[in-house]
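Visitor: mind looking at a prediction? Sequence and model below.
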Amino acid sequence: MAPPRVLMVAEKPSIAHSVASALSRGQMSTRRGSTEVHEFDGVFLGFNVQYKVTSVIGHVFGLDFPATYQDWKATDPLDLFEAPTVKTESNPKAHIRRHLSQEALGCGYLVLWLDCDREGENICFEVIECTGFGRNKDRSKVYRARFSSISEKDILKCMDNLVEPNKDEALAVDARQQIDLKVGVAFTRFQTAYFQGRYGNLDARVISYGPCQTPTLGFCVQRYLQLTTFKPEKFWTLHPYLIHDGYEIQLEWERQKLFDLDVATMLHKLVVGDGILEVTDISEKQESKSRPSGLNTVNLLKVASSALGFGPQTAMQLAERLYTQGFISYPRTESTAYPASFDFRSTLAAQANNPTWGSYVEKLLVDGYHKPKSGTDAGDHPPITPVNSATEVVLGNDAWRLYQYVCQHFLGSISPDLKYIRKKVKFTIGGELFHCVGHHITNKGFTSIMPWLAINEKSLPQFTKGEKLKTSKVELHEGNTTAPDFLSESELISLMEKNGIGTDASIPVHINNICERNYVQVQAGRKLAPTALGISLIRGYQSIDADLCLPDIRSFIEQQITLVAKGQVDHSHVVSHVLQQFKQKFLYFTKQIGNMDVLFEAQFSQLADSGRPLSRCGKCLRYMKYISTRPPRLYCNTCEEVYHLPQNGTIKLYKELTCPLDSFELLIFSMPGPEGKSFPLCPYCYNSPPFEGIDTLFGAGRMGNSNNPGKGAGMPCFLCPHPTCRHSLITQGVCACPECNGTLVLDPISAPNWKLFCNMCNCLVLLPQGAHRVSTTPDRCPDCDSMIIEVDFNKKATPLEDGATLHKGCILCDELLHSLVVVKHGKSFLDEVREEGAEEWEDLGGVQAAAVRKWSILRCLFEVSNGCLCQH
DNA sequence: GCAAGGTC
């Protein structure tokens, strides 16, 4: 009989690899799947078994509202508090659910190696669900490995102490998901709809609220309000000087500063009047400055922002890459304590040949490195350390600078402390006390490798107690207290950490969010300056319900779900209790929104007053206003309707031409750059495509927001199957795209650099340059069914005989035309998506192929019904 | 178009 099989699942591929390596002593075979699967034979609970170790990639599922609640207009945000929720695969393309269910087949046991935190515990139950162990297999065959580090020793040890997964901790995460989703989405939808419907120059597509992002913004605005309301105060300081051994020394006042000029002047007179300083005390003290403990994520992010100028998002991307390339250890960790088993000698030895700090490493290896400071062990991953040695040439400048810091910090953490002697000499004069301080470094310790933390050597001349010295001068210096600066990103990270806002992995996301939503702007030195929108939001919350933007809103949720994690309160009870409270807050907020609106009114202009007249509405025939700030829109004052437009390009009126379907005046949209294409669109059709399904047909909703036609991307004219309109796909489409299933369409305003562009991919066809006119004709090529085009060449540059300028033909079959066209690749709607990954691109290809099939069906239908689709 | 949390 075949030995029983044991399936083990980790949270990420790297841990599956570590676990398998440890348990198999490196004797495993690995095969690819959705994630790698490592197989080997071994002993489990005293039996010989076959092991399979694989992993998920973080959470398998995410929480969302069902489709019926996805329409922003049709759903009352208030209903979201009681709405059902659904779990959907967070990354459907990775097929993790399928992977787990397949790998679980034939396995008698499941061992869960998810990270040992609440999220990990929650993922345990996602894995149980996917593997089927929860339903039809014996639950007692599910085991939880509780490991304290990924070291071989800990992995082996915890195999002897397998426990049960903790349902309460998992439920706490479920509770948090429910609360965050419902609260965040309800507030976000409400305030977005409210303010976007009223103001024209709000430079934000969505005005979001969240229990992490909003307090994060709150910190930035709080500092901003401090600095704008700051009133400088004058103060005075007293500095006597003396000359000793030819050096002038400035003495510091024991009182430091006084805010009263009369008193300061009086004391100044007393000191000047006396004129003789008496040395009252000389002390020397051995001091030390401690080496750092291990480096965790949050500290790395702070240094990256304040010293290297990298934002948290960038820093994490660089760190992630250094990790996957094997140069540093896992970069997401809370721990600053090294595990007992940490191999310092090997880690050091790997750096011995480094040209920059190799000699320092050699010295540590010879003299002996120091035991690191204790730090805190969060039980997740060891501190961030270098793994393999690297050079700037290999890594590139940015990654190198981050890597260099990781190395310096590691070496610093096992170097001696900085030791110095601090000498303080005290003086008295005119009844006032002064002093001067000198430093003598006895051991630079870790500051040799982290020089920015060094203390400057400052020597003092020899004084003797009781010595009397003449002052050379006494200054009364006037100063001003200065306003605090904008909050620095690094300070923000500290505040977030201190207040429990976000986690090491999500802090960068929240900061990025408030930047992208245009609530704050990153200034030089990575200082965060809130925008008018950010300030109005926070001041608005403060005027309605300050709780909404205070950090306690997060701690409140955390504290409530901790009750679930500890098994003290039922999960659904906590969820409904917390949601009830937020619903009350929501109701009050919506009732009082006027308080916030007053602030918006002062900053932004009303929709009706915004923008400039651009094109006529097809319903009332009045001019609509073009609002160019994001999201770009047209607003019809009479009909009170908003029509969204494509973004990231320019919009112009298109020769006052109108759409035959609805009489709206056409616009022309041009993408930036010399090869940017232009296309006409009807504002009405674009927002409400008259041919059912055409908006989703072309995967428009999935194009990302790079150069796509924008939100509500419906139907520009190049997708319109109207048979006779001179701007439609039918009349402007020339031939099939050589590279995809799209159609090459004539760019109507590309003169004199006439071109065709594909309505799906980035294929671009340059037509004979310098022509006066290029136009489509009603005729088709008898050989290939392409549209015959007519070219009116420039008299001076015509390739035609006898100076003729007019030529008709098929660009594929006509020898002359064919020899004059060039296929290129310009900016596509899909460019950015394509860069994100080949897989995504292929999938989009699939969507397009399906779209084209559907589209040709539509066209057939259209031709049959012959234009009766005109009404909408 | 929306939250926050994993991870790539």
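Guide: Sure, I can see it.
Visitor: from now on I want contacts and neighbour counts done on CA atoms only, so please keep to that.
Guide: OK.
Visitor: give me the phi and psi angles of residue A:244.
Guide: phi -140, psi 130 (degrees, to the nearest 10).
Visitor: now it, which residues is it bridged with?
Guide: Residue A:244 has these beta-bridge partners by DSSP bridges: residue A:247.
Visitor: could you check the pLDDT of it?
Guide: With respect to pLDDT, residue A:244 has a value of 85.
Visitor: do I have it right that it meets residue A:461?
Guide: Yes: between residue A:244 and residue A:461 there is a contact under C-alpha atoms under 8 Å: 7.0 Å.
Visitor: the two: which is more packed in?
Guide: Using other C-alpha atoms under 10 Å as the criterion, residue A:244 and residue A:461 rank with residue A:244 on top: 15 against 11.
Visitor: ranges for the strands of the stretch 501-650 of chain A?
Guide: A:520-523, A:527-530, A:612-616, A:623-627, A:633-636, A:641-644, A:650-658 (DSSP state E, counting those that start in this stretch).
Visitor: now swap in the stretch 751-872 of chain A and tell me
Guide: A:755-758, A:763-766, A:773-780, A:787-792, A:806-809, A:822-825.
Visitor: OK, contacts around the residue in the stretch 351-500 of chain A positioned nearest to DNA strand B?
Guide: Relative to DNA strand B, the nearest point of the stretch 351-500 of chain A is residue A:500 (7.8 Å; C-alpha to the nearest atom of the strand). Contact partners of residue A:500, counting by C-alpha atoms under 8 Å, 6 or more residues apart in numbering, are A:551, A:554, A:555.
Visitor: make CSV from those and add pLDDT to it.
Guide: Shown next, in CSV, are the contacts of residue A:500 (pLDDT from 0 to 100):
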residue, pLDDT
A:551, 97
A:554, 96
A:555, 96
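Visitor: helices - which of those land there?
Guide: Judged by DSSP state H, these include A:554, A:555 as members of helices.
Visitor: closest to DNA strand B out of the contacts of residue A:500?
Guide: residue A:554 (8.0 Å).
Visitor: what about chain A, any weak spots by pLDDT?
Guide: For chain A, residues meeting the criterion pLDDT under 70 lie at A:136-137, A:620-623, A:639, A:674, A:692-713, A:826-872.
Visitor: buried residues, the helix ranked longest in it. List them.
Guide: Criterion DSSP H: the longest helix present in chain A is helix A:167-196. Across helix A:167-196, burial judged by 16 or more other C-alpha atoms under 10 Å covers A:167-176, A:178-192, A:195-196.
Visitor: how about it and DNA strand B, any contact?
Guide: Yes: Helix A:167-196 is in contact with DNA strand B by C-alpha under 7 Å from any atom of the strand, via A:177-178, A:180-181, A:183-186, A:188-189, A:192-193, A:196.
Visitor: and residue A:70, how far from DNA strand B?
Guide: 5 Å (C-alpha to the nearest atom of the strand, to the nearest Å).
Visitor: that older thread, which other helices and strands does the following helix or strand past the longest helix of chain A contact?
Guide: Of the helices and strands lying after helix A:167-196 in sequence (DSSP states H and E), the nearest is helix A:213-228. The contact analysis (3 or more C-alpha pairs under 8 Å, 6 or more residues apart in numbering; DSSP states H and E) places helix A:213-228 against strand A:487-488, helix A:489-498, helix A:507-516, strand A:527-530, helix A:532-544.
Visitor: show me which residues of helix A:213-228 are buried.
Guide: A:213-224, A:227.
Visitor: got the strands of the stretch 751-872 of chain A as JSON lines, with distance to DNA strand B and mean neighbour count columns?
Guide: Putting the strands of the stretch 751-872 of chain A into JSON lines (distance: least, C-alpha to the nearest atom of the strand, whole Å; neighbours: other C-alpha atoms under 10 Å) gives the following:
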{"stretch": "strand A:755-758", "distance to DNA strand B": "22", "mean neighbour count": "28"}
{"stretch": "strand A:763-766", "distance to DNA strand B": "24", "mean neighbour count": "21"}
{"stretch": "strand A:773-780", "distance to DNA strand B": "34", "mean neighbour count": "17"}
{"stretch": "strand A:787-792", "distance to DNA strand B": "34", "mean neighbour count": "21"}
{"stretch": "strand A:806-809", "distance to DNA strand B": "41", "mean neighbour count": "18"}
{"stretch": "strand A:822-825", "distance to DNA strand B": "25", "mean neighbour count": "13"}
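Visitor: export the ones you listed to CSV and tack on distance to residue A:490?
Guide: Compiled in CSV, the strands of the stretch 751-872 of chain A are given as follows (distance: least, C-alpha to C-alpha, whole Å):
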stretch, distance to residue A:490
strand A:755-758, 46
strand A:763-766, 44
strand A:773-780, 57
strand A:787-792, 60
strand A:806-809, 64
strand A:822-825, 42
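Visitor: which of the helices and strands packed on helix A:213-228 sits most buried?
Guide: strand A:527-530 (a mean of 25; mean count of other C-alpha atoms under 10 Å).
Visitor: for that one, packing partners?
Guide: So strand A:527-530, by 3+ C-alpha pairs under 8 Å, 6+ apart, packs with helix A:213-228, strand A:487-488, strand A:520-523.
Visitor: save the ones you listed as JSON lines, and put in distance to DNA strand B too.
Guide: Formatted as JSON lines, those follow (distance: least, C-alpha to the nearest atom of the strand, whole Å):
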{"stretch": "helix A:213-228", "distance to DNA strand B": "4"}
{"stretch": "strand A:487-488", "distance to DNA strand B": "19"}
{"stretch": "strand A:520-523", "distance to DNA strand B": "14"}
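Visitor: looking at those, which is closest to residue A:586?
Guide: Nearest of the helices and strands packed on strand A:527-530 to residue A:586, taken as C-alpha to C-alpha: helix A:213-228 at 14.9 Å.
Visitor: now do the closest one: everything it contacts.
Guide: Identification of contacts with helix A:213-228 by C-alpha under 8 Å, 6+ apart yields A:483-487, A:492, A:495-496, A:501, A:510-511, A:513-514, A:519-520, A:528-530, A:534-535, A:538, A:548-551.
Visitor: how about stretch A:377-387?
Guide: Residues outside stretch A:377-387 that contact it (C-alpha under 8 Å, 6+ apart): A:115-117, A:147-150, A:294-297, A:326-339, A:347, A:350, A:403, A:406-407, A:410.
Visitor: end to end, how far does it reach?
Guide: Using C-alpha to C-alpha, to the nearest Å, the end-to-end distance of stretch A:377-387 comes out at 20 Å.
Visitor: which bits of the stretch 1-150 of chain A sit near DNA strand B?
Guide: A:11-14, A:57-65, A:70-73, A:90-91, A:115, A:119.
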